[in-house]
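1. Only the shape, not the letters, is given here:
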Ligand SMILES: Nc1nc2c(ncn2[C@@H]2O[C@H](COP(=O)(O)OP(=O)(O)OP(=O)(O)O)[C@@H](O)[C@H]2O)c(=O)[nH]1
Ligand SMILES: [Zn+2]
């Protein structure tokens, strides 16, 4: 069992990487899209769909482009945002909370959407980050086949790396379409995950963060 006490930060980071093969980047994006287009046409064929139909003809190409360039573009570390930090001349030393960041991800078990909100916070160690970069970090981590637990931890790790501080918190409140549109078909349940580190492990700081986000 992995716990924060028994593993190092580096080991934890590897444990929570999205499982990728070592040859994951031997094909370039164009080659990946060609392959996905071919295989997706096979799926449609197996379902009995008529690929000669005007509306369906280009679907394999659309899906391939969407996977590689959009919803799974976060698999490629080349797409990782590089968040610029600014000096903090006004010495803002309180927590900064960005709440209600849209989460659009996809569940790795069924490849259907996970949609919801992320609430992130940090306490500056002397530098501040451009606000939109917090959204970009959430987006990048979301753009892989995901588990909500792993997504939460990956966002926290990337915030720590970008902000050069351990004082970060992440909450995700999300709706899993694999739970609502199929399977158990529960349309109302939401899944809540949290990752706290540094000062956010202290009860008062955690309480202050939670008081801002109106769950
Ligand atoms: N822990 C976790 N589980 C998830 C997440 N997304 C989906 N799941 C669950 O993954 C499980 C996969 O279970 P399986 O029994 O292999 O798949 P299944 O037969 O399609 O299961 P049902 O969804 O119950 O029909 C399901 O219980 C999903 O609800 C996630 O982000 N985290
Ligand atoms: Zn699922």
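-> Perfect, I can see it now. All figures in this text were calculated on a predicted structure; none of them were measured in a lab. Ligands and ions are numbered 1, 2, ... in the order given.
2. Could you pick out the residues of the chain near ligand 2 for me?
-> Contacts of the chain with ligand 2, taken as C-beta under 5 Å from the ion, map to 107, 109-110, 178. Every residue, glycine included, has its C-beta placed from N, CA and C.
3. what about residue 196, how many neighbours?
-> 18 (other C-beta atoms under 10 Å).
4. hmm, back to that, and the residues of the chain next to ligand 2, which of them are buried?
-> Those of those that meet the buried threshold are 107, 110, 178, by 16 or more other C-beta atoms under 10 Å.
5. Tell me which of those fall in strands.
-> Among these, the members found in strands (DSSP state E) are residue 107.
6. Tell me if I'm right that residue 86 and residue 130 touch.
-> Yes. Assessed by C-beta atoms under 8 Å, residue 86 is found in contact with residue 130 at 7.2 Å.
7. Have a look at the two and say which one is more surrounded.
-> Neighbours around residue 86 and residue 130, counted as other C-beta under 10 Å, are more numerous at residue 130. The numbers are 12 against 9.
8. can you pull the contacts of the more buried one?
-> Applying C-beta atoms under 8 Å, 6 or more residues apart in numbering, we find residue 130 in contact with 83-84, 86.
9. Strands of the protein, residue ranges please.
-> 85-87, 95-107, 113-123, 127-129, 145-146, 168-176, 191-196.
10. Domains in this structure, by residue range?
-> 26-75, 79-212 (automatic domain parsing).
11. quick one, which of those domains is nearest to residue 19?
-> Nearest to residue 19 among the domains of the chain is domain 79-212 (8.9 Å), distances taken as C-beta to C-beta.
12. Between its first and last residues, what's the separation in the closest one?
-> With C-alpha to C-alpha, to the nearest Å as the measure, domain 79-212 spans 31 Å from end to end.
13. What of stretch 80-92?
-> 27 Å.
14. so how far is that stretch from its chain's centroid?
-> 22 Å (C-alpha atoms, centre = their mean, to the nearest Å).
15. Now do it: everything it contacts.
-> 74, 124, 126-130, 133, 136-137, 140, 162-164.
16. Show me what counts as buried in that stretch.
-> 81, 83, 85.
17. In this structure, which residue sits nearest ligand 1?
-> residue 183 (3.2 Å; C-beta to the nearest ligand atom).
18. and that residue, how many residues sit next to it?
-> Neighbours around residue 183, by other C-beta under 10 Å: 13.
19. Can you read off the pLDDT for it?
-> Residue 183 is assigned 97 on the pLDDT scale.
20. any idea of the mean pLDDT in stretch 199-215?
-> 96.
21. scratch that, stretch 81-89
-> Mean predicted lDDT for stretch 81-89 stands at 86.
22. quick thing: my sequence starts at 36, can you match it?
-> From this message on, residue numbering opens at 36, which makes the last subject stretch 116-124.
23. Skipping adjacent residues, who's closest to the residue nearest to the spatial centre of the chain in space?
-> Nearest residue to the geometric centre of the chain (C-alpha atoms, centre = their mean): residue 177, 2.3 Å. Excluding its sequence neighbours, the residue lying closest to residue 177 (C-beta to C-beta, 6 or more residues apart in numbering) is residue 140, at 3.9 Å.
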